[in-house]
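1. quick one, what's the 3D model for this:
(one chain, ligands or ions: 2)
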Amino acid sequence: MINIAVLGCGTVGSGVVDVFFKNKESLEKKAGQELDLKYILDVRDFPDSLYADRFVKDFNVILNDDSVSIVVEVIGGLEPAHEYTRACLERGKSVVTSNKELVAQYGAELLDIAHSRHVNYLFEASVGGGIPIIRPLHMCLAANRIEEIAGILNGTTNFILTKMFREGVTFDSALALAQKLGYAERNPADDVEGKDACRKICILASLAFGSHVYPRDVYAEGITRITQEDVAYAAGCGSVIKLIGRAKRGVNGAPITAMVTPAFVSHDSQLGNVDDVFNGILVRGDATGDVVFYGKGAGKYPTASAVVGDVIECAKATDTSPSLRWEKSNGGNVAPREDNVTAMYLRCRSFESNSLEDAVELFGKVKALSRDGKPSNEAAFITPAATEREIDAACKKLEEKGVSILSKIRVLDY
Ligand SMILES: NC(=O)C1=CN([C@@H]2O[C@H](COP(=O)(O)OP(=O)(O)OC[C@H]3O[C@@H](n4cnc5c(N)ncnc54)[C@H](OP(=O)(O)O)[C@@H]3O)[C@@H](O)[C@H]2O)C=CC1
Ligand SMILES: N[C@@H](CC=O)C(=O)O
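-> Ligands and ions are numbered 1, 2, ... in the order given. A predicted model of the protein is given here:
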């Protein structure tokens, strides 16, 4: 018999409890053992729960019970999740989590502790909600040298963008709905400012490239500045605007490129068709080429599915998974944003000069864009690919000529 404890009974935790009891019989068959969910830890009271007798408020009850060998941490945030996870691993308990903030900050350290105690620290649910991506990366795609990963990694922002620009819902209403549906982070600014997607690309980059990548080193921009006008220009050139997290291996030992930004992607591309709460993650391997993973990226049951899958994996494991690991680093392994090479969409307004003519002069051969109702003093165009340093310098010169830059969005070819 394997005893399990769940820390945190919110959206994901309550989903884990439901899925566990609903599918207990088949989970036991898959694990090859009897399983029980012995404790549920939360700060709140749940007197009406079917499982009220399993609730505890003192973490030490779980830590000190040697019959508990798998702990699910779905409290979220850094503390006390970090302290609890360390303590459990050090006591020889495997830990399963959906907490990407914790993995992105302390993943290398926690994986090292798990290895030293011959237990597992599994976090399939930390990226892509219900989509299998962590295990495919380090197991199914193990034959490959991963060159690049790019994806829509945040369900809340993809849901908001879809609601706003397909259905005309306001930003605030779309966000409120995402919160009601259990998609958003406790602080939804983490979603809309790109921090959540940043944590996820850091986890994927750490695993794919073998050295810990910290969120503080990765440039992240959210969706709050995207306007209806930008969406119209994107549509006019066969594109959609998506929040894309991406990471690319550096050539010949150079630092990796990683960032999270809104981007124009072709409407016909694999990522251009990913809408609502769905996520899509493209992995480029040297043997397999492009593989795309798609599914619900947030929500109670999709996320619980990934968590419970990891619980079964822990129950079956006889030792630590050797391939789920990366080296500790002090950071600094990501190239500065200015080195990134990209084409850029710019929307400008000018009252004094013809901004498009100035743009051509400054950027070279730009692609002019149009939209219905474009004011005569507005210009929108896509620059040729250049480093962001060069684009920043040209934008500065444009502004010196009296042109206001209203929008600046990267153009990607995924
Ligand atoms: N929601 C989603 O779709 C997804 C979430 N995640 C991640 O999963 C984690 C959990 O998310 P989610 O379930 O949405 O968050 P919730 O806020 O819904 O759940 C967290 C639960 O933990 C409780 N809690 C807070 N502090 C403690 C504590 N010290 N001890 C015990 N319990 C505590 C909270 O109680 P109280 O509310 O009273 O503070 C709440 O019930 C986060 O890391 C999140 O980023 C990952 C993938 C998808
Ligand atoms: N807030 C996150 C939840 C899942 O990771 C998201 O919207 O993607």
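2. every contact and neighbour count from this point should use C-alpha atoms.
-> Noted.
3. please name the residues that touch Glu28.
-> Counting by CA atoms under 8 Å, 6 or more residues apart in numbering, Glu28 makes contact with Glu34, Leu35.
4. what parts of the chain come near ligand 1?
-> For the chain, the residues in contact with ligand 1 (CA under 6 Å from any ligand atom) are 7-13, 41-44, 74-77, 80, 98-100, 125-126, 129, 182-183, 185-186, 298-300, 303.
5. out of those residues, list just those in helices.
-> Counted as lying in helices by DSSP state H, out of those, are Thr11, Val12, Gly13, Lys100, Lys300, Thr303.
6. that older thread, can you flag the buried ones in the residues of the chain next to ligand 1?
-> Among the residues of the chain next to ligand 1, the ones that count as buried by 16 or more other CA atoms under 10 Å are 7-13, 41-42, 74-76, 98-100, 125-126, 129, 182-183, 185, 298-300, 303.
7. and Arg349, bridged to which residues?
-> Beta bridges link Arg349 to Glu378, Ser404, judged by DSSP bridges.
8. give me the neighbour count for it.
-> Number of residues near Arg349 (other CA atoms under 10 Å) recorded here: 22.
9. gap between it and ligand 1?
-> 39 Å (CA to the nearest ligand atom, to the nearest Å).
10. per-residue pLDDT, that residue?
-> For Arg349, the model assigns a pLDDT of 93.
11. do the same with the one 5 residues further on
-> Residue-level confidence at Asn354 comes out at 71, pLDDT.
12. pop out the phi and psi values for the nearest residue to it once chain neighbours are set aside.
-> Computed as CA to CA, 6 or more residues apart in numbering, the closest residue to Asn354 that is not its neighbour in sequence is Asn377, at 7.9 Å. Dihedral pair for Asn377: phi -90, psi 10, per degrees, to the nearest 10.
13. give me the neighbour count for Asn377.
-> Neighbourhood size, Asn377 [other CA under 10 Å]: 15.
14. circling back: could you dump the ones in helices among the residues of the chain next to ligand 1 into a markdown table with distance to Glu148 added?
-> Listed next are these as a markdown table, based on distance: CA to CA, whole Å:
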| residue | distance to Glu148 |
| --- | --- |
| Thr11 | 32 |
| Val12 | 30 |
| Gly13 | 32 |
| Lys100 | 20 |
| Lys300 | 29 |
| Thr303 | 25 |
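15. ok, so of the residues you listed, who is nearest Ala394?
-> Ala394 lies nearest to Lys100 out of those, by CA to CA, at 37.2 Å.
16. that closest one contacts Cys198, correct?
-> No. Under the criterion of CA atoms under 8 Å, Lys100 is not in contact with Cys198, lying 9.7 Å apart.
17. does the helix or strand where Ala247 lies come close to ligand 2?
-> Using DSSP states H and E, Ala247 falls within strand 239-248. No. Using CA under 6 Å from any ligand atom, strand 239-248 never reaches ligand 2; the gap is at least 11.1 Å.
18. give me the contacts around that strand.
-> Here strand 239-248 makes contact (CA under 8 Å, 6+ apart) with 147-154, 157-158, 161, 194, 197-198, 201, 205, 222-223, 231, 234, 256-268, 272.
19. return the set of residues that bridge with Ile244.
-> Beta-bridge partners for Ile244, by DSSP bridges, are Thr261.
20. ah, wrong one, I meant Val95
-> Listed by DSSP bridges, the beta-bridge partners for Val95 are Val71, Tyr121.
21. could you pull up the residues touching it?
-> Val95 sits next to Ile70, Val71, Val72, Glu73, Thr85, Cys88, Leu89, Asn120, Tyr121, Leu122 when contact means CA under 8 Å, 6+ apart.
22. again, only using 10 Å
-> 4-6, 69-73, 84-86, 88-89, 110, 114, 119-123, 310-311, 314 (CA atoms under 10 Å, 6 or more residues apart in numbering).
23. hang on, Gly373 in a strand?
-> No. Counting by DSSP: H, G, I helix; E, B strand; the rest coil, Gly373 is located in no strand; its state is coil.
24. ok now do it, which residues does it touch?
-> Gly373 sits next to Glu229 when contact means CA under 10 Å, 6+ apart.
25. if I look at it, how far off is ligand 2?
-> As judged by CA to the nearest ligand atom, Gly373 and ligand 2 stand 34 Å apart.
26. again with Thr157
-> 6 Å.
27. for Ile409, same thing?
-> Using CA to the nearest ligand atom, one gets 21 Å for the distance from Ile409 to ligand 2.
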